[in-house]
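Novice: Quick check, what structure comes out for this input:
(chains A and B)
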2 protein chains.
Amino acid sequence: MLTRIEQALAHHFAHLEGPHTPPRLLAAMRHAVFPGGARIRPQLCLAVAGACGDDDPVLAEAAAVAIELLHCASLVHDDMPCFDDADARRGQPAVHKVFGEPLALLAGDGLIVMAFEVLARAAQVHPQRLGAMVGAIGRGVGAQEGIVGGQAWECEPRVDLGRYQRAKTGALFVASTCGGAIAAGASPAPWQRLGECLGEAYQVADDIRDVMGDAAQLGKPVGQDAQHGRPSAAAELGLVGALHYFRQLMQQAVDAVPECTSRIAMRQLVLRESERLVPQVACDKVMQGHAPLPQVVLS
Amino acid sequence: MLTRIEQALAHHFAHLEGPHTPPRLLAAMRHAVFPGGARIRPQLCLAVAGACGDDDPVLAEAAAVAIELLHCASLVHDDMPCFDDADARRGQPAVHKVFGEPLALLAGDGLIVMAFEVLARAAQVHPQRLGAMVGAIGRGVGAQEGIVGGQAWECEPRVDLGRYQRAKTGALFVASTCGGAIAAGASPAPWQRLGECLGEAYQVADDIRDVMGDAAQLGKPVGQDAQHGRPSAAAELGLVGALHYFRQLMQQAVDAVPECTSRIAMRQLVLRESERLVPQVACDKVMQGHAPLPQVVLS
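Specialist: Have a look, this model is predicted:
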């Protein structure tokens, strides 16, 4: 699946090659996208498309690519000096550290526009799916309930932690599951809950790792939430409470996988993600002297 | 036509209202869009849709709105400290001066995403037109030949003035004419040249006004091109040469209006724009002691 995602990303970047594209801008956009992180959102999108029959693989790949481009765009802008002022991302210097602020700003903008162009180009076989796809993915990143809205809650005097996390992280996970279903001509509604649970779990895992992790392993600075006074599950619930909450969310995610041909495989994928995100060995360290955490189980 | 545009903008902004949207972000996005400038791109889009029969006015209005939102997004990001560091726009403080840099960055991002959501929402009657529409409008703003690419040429060591201006300004004018045609179910090809000529003429007019204009009348600072060492027709051709070139482009624009039911009205609209952009009285001042400028004529 990862090979399929990397090939699809490379394919759509090839459309940008040529004398019309400013070379440093293209380099900055590539720097933002390659090498990738876990590519978990596009994987989720393709997995759901597969579970729904994947009758238009080109469209499913375009949805996965668009979602990853938008995720990368949000990281580029989030790392800029006026936000987190983070020097590193995925173990390499942040885009603005290599290319300067103007090109970082433009690279983010360029990736957002490119995401929608990718969708439009891929919807030729099933043009009637494009409207729902743009709508679902737009919701995942927009000002209302998407990433842009989530980041903007950081600039408000009063924030509801749940709403903030649903927008900042959850919405693009919902777009990933729903986008995968739409690409395959299926109804997105049964897949919404899985995206919501996974999205919230990822945000909680991110909060936990921001407190527990080491920067070299994460490829980005730690302690950012406290430093920027951002809402955080670890700050709100304490580390033990956050770990409990994370396990609870991953269990809900496992249970939220709807009936489909590959239900068992999908649930196992969720289970593996749970361990990858917050490994048992890390939990054990924190939970010394506390009652053990509940395990995530398949049924 | 202006009333129709303002109402359509207000209609689509109403979708953002509600507890899910961070209030300061929404205020920043509104500040970027209202009150407007000349709204020339959406007017052009609606005029072309009208000339092509306008059989789906909701889609034509959505195209006009999307184009204006993208134009406003580019202005917000262009005014930020890492670019032009401009304090004023359209006679009011720039978005980052009122709301701070983080919200200015997010407001721009939010407007870009909103533009594509607007298109998706409006394409329900003619879903098969959405792909071409997203493609045409994406090209107008993207990294390859659109606004993002144009702004990025400012960060390259070597720039071709024509390519820079076509991307930075021309491309969204082409999107305006082509988007209007697509909205009405017509072929965009015959309308491309009009967008190209008008776009280049607008950029040249902007360069001229940056040298000649006064800040109060323009609603933004003057002398920016020289200050930032940006490519400019006025710098390259001199003021007299730039005025000649502007008239020549507007004549080409008049001649580029293709056969359609409202050809005469469209050509008169172009003629009026020529005078609005660079009034004869301003030319007269510059041209004292030179041979008079050629007039733009209808046939």
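
Novice: And the helices in the stretch 51-200 of chain A?
Specialist: Taking DSSP state H, counting those that start in this stretch as the test, the helices found in the stretch 51-200 of chain A are A:57-79, A:95-99, A:101-122, A:130-141, A:147-153, A:161-165, A:171-183, A:189-212.

Novice: What residues does residue A:89 make contact with?
Specialist: Counting by CB atoms under 8 Å, 6 or more residues apart in numbering or on different chains, residue A:89 makes contact with A:75, A:79, A:95, A:219, A:220. All C-beta atoms are positioned from the backbone trio N, CA, C, and that covers glycine.

Novice: For the residues you listed, which entry has the maximal number of neighbours?
Specialist: residue A:95 (28 neighbours; other CB atoms under 10 Å in any protein chain shown).

Novice: Which per-residue confidence value corresponds to it?
Specialist: Confidence at residue A:95, expressed as pLDDT, is 97.

Novice: thinking it is in contact with residue A:105, fair?
Specialist: No. Assessed by CB atoms under 8 Å, residue A:95 is found out of contact with residue A:105, at 9.4 Å.

Novice: Spit out the residues that contact these two alike.
Specialist: When CB under 8 Å, 6+ apart defines a contact, no residue borders residue A:95 and residue A:105 alike.

Novice: hmm, back to that, which of the contacts of residue A:89 sit farthest apart?
Specialist: For these, the maximum inter-member distance is 13.9 Å, found between A:95 and A:219 (CB to CB).

Novice: so who does residue A:283 touch?
Specialist: Residue A:283 neighbours (CB under 8 Å, 6+ apart): A:243, A:293.

Novice: how close does it get to residue A:239?
Specialist: 10 Å (CB to CB, to the nearest Å).

Novice: number of nearby residues for whichever residue of the stretch 151-299 of chain A sits closest to chain B?
Specialist: The nearest approach of the stretch 151-299 of chain A to chain B comes at residue A:152, 3.7 Å away (CB to the nearest CB). As a burial measure, residue A:152 scores 29 neighbours (other CB under 10 Å).

Novice: my guess is it meets residue B:23, correct?
Specialist: No. Using CB under 8 Å, residue A:152 makes no contact with residue B:23, being 9.3 Å away.

Novice: Near chain B, which residues of the stretch 151-299 of chain A? Just list them.
Specialist: A:151, A:152, A:153, A:154, A:155, A:156, A:163, A:167 (CB under 8 Å from any CB of the partner chain).

Novice: got the angle between the strand or helix carrying residue A:4 and helix A:101-122?
Specialist: For residue A:4, the element it lies in under DSSP states H and E is helix A:2-14. Here the directions of helix A:2-14 and helix A:101-122 differ by 110 degrees (axes from the mean of the first three to the mean of the last three CA atoms, to 10 degrees).

Novice: what is the mean pLDDT for helix A:2-14?
Specialist: Model confidence over helix A:2-14, given as mean pLDDT, is 97.

Novice: And stretch A:190-210, by the same measure?
Specialist: The model assigns stretch A:190-210 a mean pLDDT of 93.

Novice: and the angle for the helix or strand containing residue A:45 with helix A:57-79?
Specialist: Assigned by DSSP H and E, residue A:45 belongs to helix A:40-51. Counting by the same axes, to 10 degrees, helix A:40-51 lies at 160 degrees to helix A:57-79.

Novice: got the CA coordinates for helix A:40-51 in PDB?
Specialist: Only the C-alpha atoms of helix A:40-51 are listed here, as PDB (Å, rounded to 0.1, in the frame of the first residue of the first chain):
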ATOM      1  CA  ILE A  40      -1.300   7.000   7.700                       C
ATOM      2  CA  ARG A  41      -4.100   9.100   6.300                       C
ATOM      3  CA  PRO A  42      -3.600   8.000   2.700                       C
ATOM      4  CA  GLN A  43      -3.300   4.400   3.900                       C
ATOM      5  CA  LEU A  44      -6.500   4.700   5.700                       C
ATOM      6  CA  CYS A  45      -8.200   6.200   2.600                       C
ATOM      7  CA  LEU A  46      -7.000   3.400   0.400                       C
ATOM      8  CA  ALA A  47      -7.900   0.700   3.000                       C
ATOM      9  CA  VAL A  48     -11.500   2.000   3.100                       C
ATOM     10  CA  ALA A  49     -11.700   2.300  -0.700                       C
ATOM     11  CA  GLY A  50     -10.600  -1.400  -0.800                       C
ATOM     12  CA  ALA A  51     -13.200  -2.400   1.800                       C
END
